[in-house]
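> When you get a sec, could you give me coordinates for this:
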Amino acid sequence: MQFELAAELNGWPMDSRKKAAHLVLSLMDDALACLTALGPVEQRDYGAVVGALQRRFGRCDNKSIVVTELCNRHRRPGESLRALATDIETLTRRAYGHMPPAVLSEYARDQFVCAIEPRDLRERVQLRHPSTLQEALELALEREELRGGTTQGGVREASPTVRVAVESSPAREQPEWVGAMMERMTELVRAVTLQPQGGEARSPGPMRCWGCGRAGHRLRDCRDCPEKQGNGRGSV
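Got it, this is the predicted structure:
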């Protein structure tokens with residue numbers, strides 16, 4: 001397209017050798033390699049050079065294939081809305097290039113709205129009834145920005161985490177009896193935890209007499225207790 005515009009501005013005839021020469025001199029890389037399939041005479045013929053380039057780089061404009069691609073076009077994951085609108089417009093022109101510009105514009109607008117993802121964004125744009133493709137694109141961009149943004153289309157970014165700074169109140173002074181009670185509760189829990197699984201409490205130590213203080217017998221069996229001596233009527 002750029003070369004055709006340059007040829008028109010310079011007034012080169014369509015079949016001139018000068019036009020073919022300028023086209024050949026502007027080719028690079030893979031496009032320049034296409035000349036190897038042409039003979040010396042064809043390399044100086046503009047139509048032959050264009051034909052070689054079309055065979056190598058031309059696209060198939062089968063109307064039925066393009067129409068099917070356009071009807072099945074939806075926003076891909078990670079695709080921006082601008083890229084989607086551009087592709088929809090290109091496919092519309094390829095499929096219905098024979099239609100008036102006003103009809104092409106309306107059809108491209110409708111196809112773009114139908115291709116928007118996610119669904120809630122598409123419905124919001126539909127409710128505004130855009131009149132052109134550009135207006136539909138601007139509405140979609142605005143609504144997407146209000147929804148929290150996307151990573152170049154399709155994939156919504158996570159909402160930023162907002163941390164609220166709350167001034168912590170100073171610790172209240174607790175009464176002394178609260179601390180003592182907590183220590184006592186801790187000791188009780190520890191004592192229950194250390195009990196044997198059989199359910200019997202662990203003996204704290206050997207049995208001792210309350211009278212003489214020696215281990216191995218009880219007060220009622222103590223022979224050295226003063227209260228057990230005499231007539232046996234002492235209080236126990």
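
> The nearest residue to residue 92 once chain neighbours are set aside: what secondary structure?
Of all residues not flanking residue 92 in the chain, residue 108 sits nearest, at 4.2 Å (Cβ to Cβ, 6 or more residues apart in numbering). Bear in mind the C-beta positions are built from the backbone N, C-alpha and C, glycine included. When classified by DSSP: H, G, I helix; E, B strand; the rest coil, residue 108 comes out as helix.

> What's the per-residue pLDDT of residue 108 here?
Among the per-residue scores, residue 108 holds a pLDDT of 94.

> That one and residue 25, how far apart?
Distance of residue 108 to residue 25, given as Cβ to Cβ, to the nearest Å: 37 Å.

> Can you pick out the residue with more neighbours from those two?
More neighbours surround residue 108 than the other of residue 108 and residue 25, with 23 against 9 (other Cβ atoms under 10 Å).

> can you pull out the helices in this structure?
In the chain, the helices defined using DSSP state H lie at 2-10, 17-25, 29-33, 46-57, 63-71, 81-95, 101-115, 119-127, 133-146, 176-193.

> So for the second one, what gets flagged as buried?
Buried residues in helix 17-25, defined by neighbour count with 16 or more other Cβ atoms under 10 Å: 19, 20, 22, 23, 24.

> For the protein, give me the ranges with low pLDDT.
Applying pLDDT under 70 to the chain flags residues 15, 60-61, 149-174, 191-207, 210, 225-236.

> Domain-wise, how is it divided?
Following automatic domain parsing, the chain resolves into domains at 2-57, 63-146.

> With respect to burial, which of those domains scores highest?
Mean neighbour count (mean count of other Cβ atoms under 10 Å) peaks for domain 63-146 among those, with a mean of 16.

> End to end on that domain, go ahead and measure it.
38 Å (Cα to Cα, to the nearest Å).

> Just give me how far that domain sits from the chain centre.
24 Å (Cα atoms, centre = their mean, to the nearest Å).

> List the residues that contact the residue nearest to residue 92.
The neighbours of residue 108, taking Cβ atoms under 8 Å, 6 or more residues apart in numbering as the test, are 88, 89, 92, 133.
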